[in-house]
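**Q** Sequence plus predicted model, see below.
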Amino acid sequence: MADDLDGLLDEVERRLWHRHGGEEGPAAARGRSAKVLLSAGSSEEDLDDIIDEICSDSSFAKTPPKLQSNSANLTPERNSGVVQAHGKRCCPVYLGGSLSPSGIGTNISKRTCDQLRCTACDFRVSLFNDYVWDQSCDYLFFRNNMPELSKLRAKMIKKKGARAYACQCSWRSIDELTDLQTEQQLRWVCGKHGE
């Protein structure tokens, strides 16, 4: 079994170093083999020392190799804003009126999330600036009319500075910046901010 493991470790080491442009692995270059590492007299402390030695070995690259992209027109310099924003979520998630700035919300930059998704109905939350929902709105109204704006307008009231939020199962009218955690009955989450 030790011979099989030795052979497997040598093969992995050769392939790894060959892939990174090296001729031989660091163990072969120093005359060390996996058999010595796994000898019967090795104790757990010896193995820890060997692992520490390997980790501190200067012949290993400290940074992973760069991944090559097939699309040559995408460069980090031109698209750095897109790369940074892609896939980020708000934490905490804020709701707010039309005067509140939208974007990725944090404790420092309190922005309203414009990428909300409902976990109850699995629907994207729509938002309408300068509108509030009429008091007569109910679950069936949103269930039957979302996301058709022409049908929703029947129960929207114009109000400067407010914002109306709705999915197929929940709705809110918000005037000022509000942390979503205070609205316990809403099951809305940030659905990730993309490009």
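**A** Sure thing, it's come through.

**Q** tell me the pLDDT at the closest residue to Asn107 other than its chain neighbours?
**A** Nearest residue to Asn107 in three dimensions, chain neighbours excluded: Pro92, at 7.0 Å (C-beta to C-beta, 6 or more residues apart in numbering). (C-beta placed from N, C-alpha, C; glycine too.) Pro92 carries a pLDDT value of 90.

**Q** Dihedrals phi and psi, Pro92?
**A** Torsion angles at Pro92 (phi, psi; degrees, to the nearest 10) stand at phi -80, psi 170.

**Q** So which residues of this structure form helices?
**A** 2-19, 26-29, 34-37, 44-56, 80-85, 139-145, 149-152 (DSSP state H).

**Q** Count the residues that sit near the residue lying closest to Leu177 once chain neighbours are set aside.
**A** Spatial nearest neighbour of Leu177, excluding adjacent residues (C-beta to C-beta, 6+ apart): Gly96 at 4.2 Å. Gly96: 24 surrounding residues under other C-beta atoms under 10 Å.

**Q** So Gly96 is in contact with Leu116, correct?
**A** No - counting by C-beta atoms under 8 Å, Gly96 does not reach Leu116; the two are 11.9 Å apart.

**Q** quick one on the thing from earlier: number of nearby residues for the residue nearest to Asn107?
**A** Here the number of neighbours of Pro92 (other C-beta under 10 Å) works out to 14.

**Q** Contact partners for the residue nearest to Leu177?
**A** By C-beta atoms under 8 Å, 6 or more residues apart in numbering, the contact set of Gly96 is Thr112, Arg163, Ile174, Glu176, Leu177, Thr178.

**Q** Perfect, that will be all.
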